[in-house]
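Undergrad: what would the 3D arrangement of this be:
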Amino acid sequence: HTHTHTPGPDRPRKQNTMNLALMMEMQSPDTGIKTQAQPVMVTSIPHAVTGNDIMQWILQRLQITAEEALHLGDLFVKYGYIYPLQEPKNLTLRADGSLYRFQTPYFWPVQGWAADDTDYAIYLAKKNIKRKGILEEYEKEHYNMLNQKINYKWDFVIMQAKEQYKAGKERKKEDRYALDCQERAYWLVNRTPVSRGGQGDCSDSWCPPCSHLGQTPMWKGLSAWAGPIMYYQQAILKTRVKSSVSLGGVVKYSEQFLSNDPILSGCLPSNPWISDDPDFWDLNAKLVEVPTRMRVERWAFNFSELIRDPKGRQNFQIFLKKEFSGENLGFWEACEDLKYGDQSKVKEKAEEIYKLFLAPGARRWINIDGKTMGITVKGLEHPHRYVLDAAQTHIYMLMKKDSYGRYLKSPIYKEMLAKAVVPQEGVKKSTGLFGRRHLRSSPSPIILRQQEEEAKAREAANTVDITQVMSKLDRRNQLQKELSQAGSGLCFPLVAMAAGEQMSLPGQCQAAAVPGSGGSTPHSSEGRCLLLPPQPREAAEPACLSLLLQGRPELCPGGFRPACPGLKGMSLRGAG
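TA: Sure thing, here's the model as predicted:
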């Protein structure tokens, strides 16, 4: 039949409704195709029809030509409304005695069920169990691919497959065979093998489900295609870069970075892995005082090269402080630490950044627009590592477009470029074929640990313990007190002799200087103790006090050793 009117927006829905009505009419007990049980293999399948019956019914019902009827029957088979029983893979209608069966409405494409990978994996696993590993080649590929794709729930897939297999064995033989045919027909339509080139041109391992009768129901009309139409319209308007332009950019980039490539251009002064000379690492340390000229020149390539280099950021920070905008780089570095630092402290870091840079009246407040500030503050209610990306991008672009150009023209960058060093190529030492090269070996970790412990011990030894000093002073005061109360026969020369005086106490012996005594201290007839001339306070007093505390006065220096009998053999350990 020919139609002269223009199809409107409701035409797909109307056509789809007519197709469904035609399928329902085919299965009507009164006006539909007569079905009957047909023997297939070793069982009898109920409600089966022949291809010739289907074609004749279409001819009589629609009053169309045989060619059109055969084509319409092919479409019904191809899209899964009718499936063959004898040749399941041949999704065409044969106008002969070949047996067909109507698909249950649950599996009709118009239902719009998604052909889920999990369901397909369960179907293949069940088939693999049933046939003991004998699958089609394309089914084996799909099985292995799905095993890798959804491996995290493969145990669930196997469990479901076993349960369905056990439940199927409890059904009647003809019902089990019919259900297997229904599932096989459904997956042949929704996961079409490549070998079925006549049924559709598919370049992938399987064709996607039928779009106009499957995943996208036709009753949705043109609104279902609004998204794809908009996508392709935007794709058409998108600018396309010619290959010559893109390749030119690659060549320009390669030429710009050629001198900085250690593989293509070598490295100065020498390759430390070959020459065993660490000068290259020393000159290119992260925060070296004077960087190399090549490194400073690289900062001028683009802003990312500058901000990626720790020394470049340090120099750029000096420039920003002179422009009173050093908080911008500080905020950027804080955001980097939030993203790549310790993730267990994200909340604390985010709060600290907000108080320091974003809060009203913050000490290092940054200037960002209100929209970005609103997005950032709202995101801080539930902080995560990327919560400050909007503000960080804004500050990054501000430094790139505003501050970076002035920095390259500033005296700070020019001064750094002027004093940058140009390393000279190292002298290569020629060695013979069997020459032995001295290799520097790293010290053993055990030795390093011992050195660290010794350094800590020396540091601890040099530290003055105030408690020990106070205890010594207390013992000294106690000794002086007991000596002053000991009575006659004792002498206390420390204080008097250290001061360069003679000391005489009532009832005690007096210490007097006897020149030329040769270190001996004779007793006078009056019972006084005579000591040698006094020694300096700093040199004599601590040593003599220590000996007296130990109860060994005989070891005191000559000028302080008591000569009176009252101190001989006396132990002063208990004095302190």
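
Undergrad: quickly note the distance from the nearest residue to A300 once chain neighbours are set aside to N271.
TA: Spatial nearest neighbour of A300, excluding adjacent residues (C-beta to C-beta, 6 or more residues apart in numbering): L408 at 5.6 Å. For every residue, glycine as well, the C-beta is placed using N, CA and C. The gap separating L408 from N271 is 31 Å, by C-beta to C-beta, to the nearest Å.

Undergrad: give the buried residues for stretch 269-289.
TA: For stretch 269-289, the neighbour count (16 or more other C-beta atoms under 10 Å) marks P269, S270, S275, D277, F280, L283 as buried.

Undergrad: would you agree the second one is in contact with D277?
TA: Yes - using C-beta atoms under 8 Å, S270 and D277 qualify as a contacting pair, with a distance of 5.2 Å.

Undergrad: surely V49 forms part of a helix?
TA: No - secondary structure of V49, determined by DSSP: H, G, I helix; E, B strand; the rest coil: strand, with no helix assignment.

Undergrad: run a quick neighbour tally on it.
TA: Neighbour count for V49, taken as other C-beta atoms under 10 Å: 23.

Undergrad: who touches it in this structure?
TA: Residues near V49 by C-beta atoms under 8 Å, 6 or more residues apart in numbering: I33, K34, T35, L99, Y100, R101, F102.

Undergrad: before we move on, what about P262?
TA: For P262, the contact set (C-beta under 8 Å, 6+ apart) comprises N271.

Undergrad: is it in a helix, a strand, or coil?
TA: Secondary structure, three-state DSSP: P262 is coil.

Undergrad: can you pull the phi/psi pair for it?
TA: Backbone torsions for P262, taken as degrees, to the nearest 10, come to phi -70, psi -20.

Undergrad: ok, it to N284 distance?
TA: According to C-beta to C-beta, P262 stands 10 Å off from N284.

Undergrad: and what of Y340?
TA: From Y340 to N284 the distance is 22 Å (C-beta to C-beta).

Undergrad: can you check D155 too?
TA: Counting by C-beta to C-beta, the gap from D155 to N284 is 52 Å.

Undergrad: equivalent analysis for K481, please.
TA: Counting by C-beta to C-beta, the separation of K481 from N284 is 69 Å.

Undergrad: now do W273
TA: Distance, W273 to N284, using C-beta to C-beta: 14 Å.

Undergrad: please apply the same query to V189.
TA: Applying C-beta to C-beta, the value for V189 to N284 is 64 Å.

Undergrad: run through who's touching the stretch of helix or strand I158 belongs to.
TA: Counting by DSSP states H and E, the element that carries I158 is helix 154-169. Helix 154-169 has contacts (C-beta under 8 Å, 6+ apart) with 118, 121-123, 125-126, 128-130, 147, 150, 176, 179-180.

Undergrad: how about the strands in the protein?
TA: 36-40, 43-50, 82-84, 99-102, 192-193, 206-207 (DSSP state E).

Undergrad: report the angle between the axes of the longest one and strand 36-40?
TA: Right, strand 43-50. With axes from the mean of the first three to the mean of the last three C-alpha atoms, to 10 degrees defining the directions, strand 43-50 sits at 120 degrees from strand 36-40.

Undergrad: note down every partner strand of strand 43-50 and its orientation.
TA: Take DSSP bridges as the rule and strand 43-50 pairs in its sheet with strand 36-40 (antiparallel), strand 99-102 (antiparallel).

Undergrad: I'd like the mean pLDDT over that strand, please.
TA: Averaging pLDDT along strand 43-50 yields 81.

Undergrad: same check on the fifth one?
TA: Mean per-residue pLDDT for strand 192-193: 66.

Undergrad: span of stretch 82-92 from start to end?
TA: 10 Å (C-alpha to C-alpha, to the nearest Å).

Undergrad: what sits up against that stretch?
TA: So stretch 82-92 is contacted by 38, 40, 45, 48, 54, 73-74, 76-78, 93, 98-103, 181-182, 184-185, 188-189, 193, 196, 199 (C-beta under 8 Å, 6+ apart).

Undergrad: filter the residues you listed down to the buried ones, ChimeraX style.
TA: Buried residues within those, by 16+ other C-beta under 10 Å, are selected in ChimeraX with:
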select :38,40,45,48,54,73,74,76,77,78,93,98,99,100,101,102,103,181,182,185,188,189,193,196,199
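
Undergrad: leaving out sequence neighbours, find the closest residue to Y404.
TA: Nearest to Y404 is F303, by C-beta to C-beta, 6+ apart, at 4.7 Å.

Undergrad: which residues touch that neighbour?
TA: Contact analysis of F303 by C-beta under 8 Å, 6+ apart lists M399, K400, Y404.

Undergrad: tell me which of those residues is nearest to L62?
TA: Lowest distance from L62 to the contacts of F303 (C-beta to C-beta) belongs to K400, with 69.6 Å.

Undergrad: can you add distance to K238 and give the strands of the chain back as JSON lines?
TA: Below are these laid out as JSON lines (distance: least, C-beta to C-beta, whole Å):
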{"stretch": "strand 36-40", "distance to K238": "55"}
{"stretch": "strand 43-50", "distance to K238": "52"}
{"stretch": "strand 82-84", "distance to K238": "43"}
{"stretch": "strand 99-102", "distance to K238": "47"}
{"stretch": "strand 192-193", "distance to K238": "32"}
{"stretch": "strand 206-207", "distance to K238": "28"}
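
Undergrad: of the ones you listed, which is nearest P228?
TA: Closest approach to P228 among the strands of the chain (C-beta to C-beta): strand 206-207, 17.6 Å.

Undergrad: average model confidence for that closest one?
TA: Taken as a whole, strand 206-207 has a mean pLDDT of 41.

Undergrad: could you do stretch 314-329 as well?
TA: Averaged across stretch 314-329, the pLDDT comes to 93.

Undergrad: what does it rub up against?
TA: Outside stretch 314-329, the residues touching it (C-beta under 8 Å, 6+ apart) are 287, 299, 306-307, 313, 330, 357, 364-366, 395, 398-399, 403, 406-407, 410, 412-413, 416.

Undergrad: so which bits of it are buried?
TA: Using 16+ other C-beta under 10 Å as the burial criterion, the residues of stretch 314-329 that qualify are N315, F316, F319, L320, S325, G326, E327, N328, L329.

Undergrad: so for it, first residue to last residue, what's the gap.
TA: Using C-alpha to C-alpha, the span of stretch 314-329 from its first residue to its last is 10 Å.

Undergrad: one more: stretch 142-160?
TA: 18 Å.

Undergrad: from L179, how far off is P39?
TA: Here P39 is placed at a distance of 18 Å from L179 (C-beta to C-beta).

Undergrad: and these two? Which one has more around it.
TA: When P39 and L179 are compared for neighbours, L179 comes out ahead with 14 against 10, by other C-beta under 10 Å.

Undergrad: wait, doesn't the more buried one sit right on A185?
TA: No - assessed by C-beta under 8 Å, L179 is found out of contact with A185, at 10.8 Å.

Undergrad: the nearest residue to N190 once chain neighbours are set aside: neighbour count?
TA: Excluding its sequence neighbours, the residue lying closest to N190 (C-beta to C-beta, 6+ apart) is A115, at 4.0 Å. By other C-beta under 10 Å, 17 other residues sit near A115.

Undergrad: what separates A115 from P88, distance-wise?
TA: According to C-beta to C-beta, A115 stands 17 Å off from P88.

Undergrad: nearest to Q233, of the buried residues of stretch 314-329?
TA: Out of the buried residues of stretch 314-329, the member with the shortest distance to Q233 (by C-beta to C-beta) is N328, at 40.0 Å.

Undergrad: contacts only, for the closest residue to A48 other than its chain neighbours.
TA: Computed as C-beta to C-beta, 6+ apart, the closest residue to A48 that is not its neighbour in sequence is Q38, at 3.9 Å. The neighbours of Q38, taking C-beta under 8 Å, 6+ apart as the test, are S44, I45, A48, L85, L99.

Undergrad: that concludes my questions; thank you for your assistance.
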